[in-house]
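J.: What follows is a predicted protein model with its sequence.
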Amino acid sequence: MAESHKLTKAAIGKIIDGALNSIEKDPETNIVRLIDRGSVFLKAMFPPENIEKIKAGMHDPENVYRQMAFNLVRDLDRNILRTTLLALGVDAAMFGTRTVRENRDKYDCNIPWLILMDPTSACNLHCKGCWSAEYGHHQNLSYDEMQSIVDQGRALGTHFYMMTGGEPLIRRDDIIKLCENNKDCAFGAFTNGTLVNDALCEEIRRVGNFFLILSIEGTEESNDARRGKGAYEKTVAAMDRLYRNKCLFGISVCYTRQNVDFVTSDEFLDNMVAHGAKFGMYFNFMPVGHGADPELIPSPAQRKYMYQWLRRVRNSKTGKPMFLFDFQDDGEFVGGCIAGGRRYFHINSAGDMEPCVFIHYSDSNIRGKTILEALRSPLFMAYRRGQPFNDNHLRPCPMLENPQILRKIIKTTGAKSTDLLIEEDVDELCGKCDAFALEWASEAQELWASTPHKKSHTQYYRDRHPEYDTSEFREKTDA
């Protein structure tokens, strides 16, 4: 870490300490004052118009995000709040983003702001439509491999890491050790919650830079239909335990054709807020793996509903005091597909570096190549040349909405299937998406054309290099 980075972080740390002391005395008054005074630091994370909206919202007693801010300060352990603010706000957003941009230009390839990794393939549940439980207990990243991933990522500007699996908390001791040894990084883990206990909560409070995302899908009936009898009760019990222990957590929701109504109901969201969830990540079901049922892919009508629902529940007046986003229907805010290292990529438990957690193909492994070498490999460079894969960002994915593109990428680059059980041919995988892609195309075009959109670039990443010929791996539309 550069000396200027250390000094800036120490100074901001003192400011945060003073602010938290002030907020504890008078939250209603001083949290608003803090946002006003701290807007200079928000410039590193948000465009100016968003900063003004944040400030205005904090002055509005009826704004749900004001309520969410109060909840964060009231409900979270002070060390967690402080450490997370520093890791995500200073290390990742302020300094990390700058380094990511510099290295993107320097190496002429995608550089990620976030890296996903699977500590293990093992899982203690067997959820329908999830490939992880099929993998067994045979693959693991060693602690030294995980630390190497963080070291390599940090050098590129990446200060944010999330654990998938498998059930990551099977490796809880190594994950806590990783958090403890890398305080300039933030870590999260997707979990079913069954391994959460008071001892883990105590460790989460101690390290401060670790949070959980619990998988849940609506009501007890809709959840357990996929995750097994008793899963809902255990997940909610884990939420209550985390809430009591002042730990930061959110929810992960896989929405399917069968459960859309359950996972978007006001009753469900209000229940999650009541149990302490501070954010929610929504994922469109992806038919990955030989046993995946394409009938679970949400219908075009359901996708349109999700798009409109998101904008209602995120509205500062009609929404909920938790932040919700959907990687499929929020493409317009991040310029389409964020995989292939554009914002993130995935490393599975066998060490294969994959462009996306849902795209199980690779031409690089951490045991034979560096992360930078993978980002400059034919597979990842094909992503860079093709992004955004569609001018309509309601069709962002090269697999689900543009399956002909993933077919071409895999066949052109020679990337191999990384399925840990049975290799899945790209034509077989994309064949499960063809019908939906065709049906959704016209619906998405009508929806996209009827709503206003900002330019597709973001404050973190410039668009693809203007000299690239993008025709090879893109679907051009009239949108």
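T.: Looks like it came in fine. This is a predicted model, so every value here is computed, not measured.

J.: List the residues that contact the closest residue to Ser215 other than its chain neighbours.
T.: Leaving out its chain neighbours, the residue that sits closest to Ser215 by Cβ to Cβ, 6 or more residues apart in numbering is Ser252, at 4.8 Å. In this view, the C-beta of every residue, glycine as well, is placed from N, C-alpha and C. Applying Cβ atoms under 8 Å, 6 or more residues apart in numbering, we find Ser252 in contact with 190, 213-216, 280-281, 283.

J.: check which helix or strand covers Ile405.
T.: Here Ile405, judged by DSSP states H and E, is contained in helix 403-413.

J.: Quick one: residues in contact with that helix.
T.: By Cβ under 8 Å, 6+ apart, helix 403-413 touches 359, 361, 363, 377-379, 382-383, 386, 389, 398-399, 415, 426-427, 429-431, 433-434, 437, 472-475.

J.: quick revisit: and the residue nearest to Ser215, that's in a strand?
T.: Yes: counting by DSSP: H, G, I helix; E, B strand; the rest coil, one finds Ser252 located in a strand.

J.: pLDDT score assigned to it?
T.: Ser252 carries a pLDDT value of 96.

J.: Leu447: what secondary structure?
T.: helix.

J.: Surely it touches Leu394?
T.: Yes: between Leu447 and Leu394 there is a contact at 6.1 Å, judged by Cβ atoms under 8 Å.

J.: Among these two, which residue is more densely surrounded?
T.: Using other Cβ atoms under 10 Å as the criterion, Leu447 and Leu394 rank with Leu394 on top: 26 against 18.

J.: Got the domain ranges for the chain?
T.: Here the domain assignment for the chain is 3-75, 111-334, based on automatic domain parsing.

J.: Return the residues in contact with the most centrally placed residue in the chain.
T.: Residue closest to the mean C-alpha point of the chain, counted by Cα atoms, centre = their mean, is Met281 at 7.0 Å. Each residue near Met281 by Cβ under 8 Å, 6+ apart is listed here: 213, 250-253, 325-327.

J.: Give me the buried entries from those.
T.: By neighbour count, with 16 or more other Cβ atoms under 10 Å, those hold 213, 250-253, 326-327 as buried.

J.: residue ranges with poor pLDDT in the chain?
T.: 36-46, 124-137, 455-471, 476-479 (pLDDT under 70).

J.: ok, back up a step: residues shared between the contacts of Leu447 and Leu394?
T.: Contacts common to Leu447 and Leu394, judged by Cβ under 8 Å, 6+ apart, are Tyr307.

J.: circling back: output the helix holding Ile405 as PDB, nothing but the C-alphas.
T.: What follows is helix 403-413 as a C-alpha-only set of coordinates in PDB (Å, rounded to 0.1, in the frame of the first residue of the first chain):
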ATOM      1  CA  PRO A 403     -26.900 -17.700 -26.900                       C
ATOM      2  CA  GLN A 404     -25.500 -17.500 -30.400                       C
ATOM      3  CA  ILE A 405     -22.700 -15.300 -29.000                       C
ATOM      4  CA  LEU A 406     -21.600 -17.700 -26.300                       C
ATOM      5  CA  ARG A 407     -21.600 -20.500 -28.900                       C
ATOM      6  CA  LYS A 408     -19.200 -18.400 -31.000                       C
ATOM      7  CA  ILE A 409     -17.000 -17.300 -28.200                       C
ATOM      8  CA  ILE A 410     -16.400 -20.800 -26.900                       C
ATOM      9  CA  LYS A 411     -15.900 -22.400 -30.300                       C
ATOM     10  CA  THR A 412     -13.600 -19.500 -31.400                       C
ATOM     11  CA  THR A 413     -11.400 -19.400 -28.300                       C
END
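
J.: ok, now how distant is Leu7 from Arg171?
T.: 35 Å (Cβ to Cβ, to the nearest Å).

J.: Likewise for Arg312?
T.: 38 Å.

J.: circling back to that earlier point, of the contacts of Ser252, which pair is most distant in space?
T.: Across the contacts of Ser252, the longest distance by Cβ to Cβ is 13.5 Å; it joins Leu214 and Phe283.

J.: of those two, who's got more company?
T.: Leu214 (25 against 17).

J.: Ramachandran coordinates for that one?
T.: With angles defined as degrees, to the nearest 10, Leu214 sits at phi -90, psi 130.

J.: Ok, the one 4 residues further on next?
T.: Backbone torsions for Gly218, taken as degrees, to the nearest 10, come to phi 90, psi -130.

J.: From here on, call the first residue 207.
T.: Okay, using 207 as the starting number, the last item reads as Gly424.

J.: Let me know whether it touches Val466 as I believe.
T.: No: using Cβ under 8 Å, Gly424 is not in contact with Val466, being 9.0 Å away.

J.: neighbour count winner among the two?
T.: Here Gly424 and Val466 are set side by side on neighbour count (other Cβ under 10 Å), and the busier one is Gly424, at 24 against 21.

J.: list the contacts for the more buried one?
T.: 459, 465, 468-469, 471, 474.
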